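Student: predicted model and sequence follow; I will ask about them next.
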Amino acid sequence: MTASAIATARCLVQPTFQLHAILRAILRDEVIATHKRQEDAEGTSPDPTDPKGELLITMVTRAVTAIVNRLNSLANFDGIDSKVSTLVAAANSHDNLCRMDPSWHPWL
């Protein structure tokens, strides 16, 4: 599991396949859709509007940067103490599993 997660992260990060551009396009649409859903729920205006351009750009850029930084940290293999092995250990921890939402229990 650890080796495949590291290999997948490296495939996404190391050969630059314009991951930033793809993420920006996907996240832009998601931010706009979320903004429209929030306006519909609040009922503030009859026609939902898109968020301001600068706000949208900063939100998407911040999210893309966070995702790419996480992928870069996962792609680094530092032997036994890699970030992926820490995540797998946390996922297998009995303390974390008992805090899990009961709807996921059939998957155990």
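Tutor: Perfect, thanks for sending it. Computed from a prediction, not measured in an experiment: that's the story for all the values here.

Student: and I57, what element?
Tutor: Here I57 is covered by helix 53-75, with elements defined by DSSP states H and E.

Student: just the buried positions in that helix, please.
Tutor: L56, M59, V60, A63, V64, L71, L74, A75 (16 or more other C-beta atoms under 10 Å). Quick note: C-beta positions are derived from backbone N, CA and C, even for glycine.

Student: identify the residue nearest the second one in space, chain neighbours excluded?
Tutor: When you say that, I think you mean M59. Counting by C-beta to C-beta, 6 or more residues apart in numbering, M59 lies nearest to V31, which is 5.4 Å off, once chain neighbours are set aside.

Student: also the fourth one?
Tutor: Here the nearest residue to A63 in space, its sequence neighbours aside, is L27; by C-beta to C-beta, 6+ apart that works out to 5.1 Å.

Student: number of residues surrounding the one you found?
Tutor: L27: 18 surrounding residues under other C-beta atoms under 10 Å.

Student: contact partners for the spatially most central residue of the chain?
Tutor: Centroid-nearest residue in the chain, with C-alpha atoms, centre = their mean: I67, separated by 5.6 Å. Residues counted as contacts of I67 (C-beta atoms under 8 Å, 6 or more residues apart in numbering) are L23.

Student: same thing with the one 4 residues further on?
Tutor: The neighbours of L71, taking C-beta under 8 Å, 6+ apart as the test, are A9, L12, V13, L19.

Student: so how far is L71 from the second one?
Tutor: I take that to be L12. 6 Å (C-beta to C-beta, to the nearest Å).

Student: now for those two: what residues contact both?
Tutor: Shared contacts of L12 and L71, counting by C-beta under 8 Å, 6+ apart, come down to L19.

Student: just to revisit the earlier point, show me the contacts for the residue nearest to A63.
Tutor: V60, A63, V64.

Student: wait, the last one touches A21, no?
Tutor: No: using C-beta atoms under 8 Å, V64 is not in contact with A21, being 9.2 Å away.

Student: excluding sequence neighbours, find me the nearest residue to F77.
Tutor: Using C-beta to C-beta, 6+ apart, the closest residue to F77 is I6 (5.4 Å).

Student: give me the phi and psi for that neighbour.
Tutor: Per-residue torsions, I6: phi -70, psi -40 (degrees, to the nearest 10).
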